[in-house]
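*Asks:* Sequence and predicted structure, then a few things I'm wondering about:
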Amino acid sequence: MHNKISSENIKELRSKTGAGMTDCKKALESSNGDISIAIETLRKKGLTIADKKSTRLAAEGLIESYIHAGSRIGVLLEINCETDFVARQPEFQQLAKNIAMQIVACQSVKYVSRDDIPKEVVLYEKDLELQKEDLVNKPDEIKIKIAQGRVDKRLKELSLMEQDFIRESSITVEELIKQHISLLGENIKIRRFQKFLLGEGLDSKSNTFVDEISSMIQSK
């Protein structure tokens, strides 16, 4: 027997997921009023819908910029959707702002996804790990396995889509985008971004303030 689902429960679930009222009600009913289970149900449903839309052309969208306080680090981001109508929606525009902030907060991120990482970078990281002193005397099979695990970790650090979302660490950036695909009904793609760091490459400059920026953003 289902617990009675109140309008407050439905509104709370909707505010947390962005899903429609009817979908929220059904998810709460199927989870017997357990909001955490309902969130997971909607998330899985959203990801399924997002996967179906992932091959559709996304040629509209916007260019978003984010300059952190102090004007020492910033980013330009191109994020695409299918229509100009969705590009004007506040949910899409907020998504763009959040992604731009995410890029600034993630010092190691250089590529949109793992698929965008050049093969020569992957090979370089693999060679680097295989040559480390702690692996020299290990059997080849074990050495390769350990090195591959370290490389996978490094590639994850380089990929924006695999980062935990700074405002909700229980989901990744990829899952965040898929949630918005489900919410807005269109394919959404991060096409490219460029990070700008004041004095980057100059010996007289220190980049330690990036860590401070990251903690400040996450505390907002």
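*Replies:* It's in.

*Asks:* any idea how far residue 10 is from residue 21?
*Replies:* Distance from residue 21 to residue 10, counting by CB to CB, to the nearest Å: 6 Å. Quick note: C-beta positions are derived from backbone N, CA and C, even for glycine.

*Asks:* higher neighbour count, those two?
*Replies:* residue 10 (20 against 12; other CB atoms under 10 Å).

*Asks:* which residue packs closest to that one, ignoring adjacent ones?
*Replies:* Closest residue in space to residue 10, ignoring its immediate chain neighbours: residue 24 at 4.9 Å, by CB to CB, 6 or more residues apart in numbering.

*Asks:* contact partners of the helix or strand harbouring the one you found?
*Replies:* According to DSSP states H and E, residue 24 maps onto helix 21-30. Residues from elsewhere that reach helix 21-30, judged by CB atoms under 8 Å, 6 or more residues apart in numbering: 2, 5, 9-10, 13-14, 17, 19, 34-35, 38-39, 41-42, 45.

*Asks:* Emit the PyMOL select command for whichever of these are buried.
*Replies:* This is how PyMOL selects the buried members of the contacts of helix 21-30, with burial counted by 16 or more other CB atoms under 10 Å:
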select buried, resi 5+9+10+13+14+17+19+35+38+39+41+42+45
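
*Asks:* Confidence-wise, which of the contacts of helix 21-30 comes last?
*Replies:* Lowest pLDDT among those: residue 2, with 51.

*Asks:* one step back: for the residue nearest to residue 10, the count of nearby residues, please.
*Replies:* So residue 24, with other CB under 10 Å, has 26 neighbours.

*Asks:* From residue 77, how far out is it?
*Replies:* 30 Å.

*Asks:* What is the end-to-end distance of stretch 98-118?
*Replies:* 26 Å (CA to CA, to the nearest Å).

*Asks:* Quick one: distance of that stretch to the chain centre.
*Replies:* For stretch 98-118, the separation from the chain centroid amounts to 8 Å (computed by CA atoms, centre = their mean, to the nearest Å).

*Asks:* next one: stretch 79-91
*Replies:* With CA atoms, centre = their mean as the basis, stretch 79-91 stands 18 Å off its chain's centre.

*Asks:* Would you indicate which residues of that stretch are buried?
*Replies:* 79-82, 86-87, 89.

*Asks:* can you list contacts of it?
*Replies:* Contacts of stretch 79-91 with the rest of the structure, by CB under 8 Å, 6+ apart, involve 18, 56-62, 64, 92-93, 95-96, 99, 180, 183-191.
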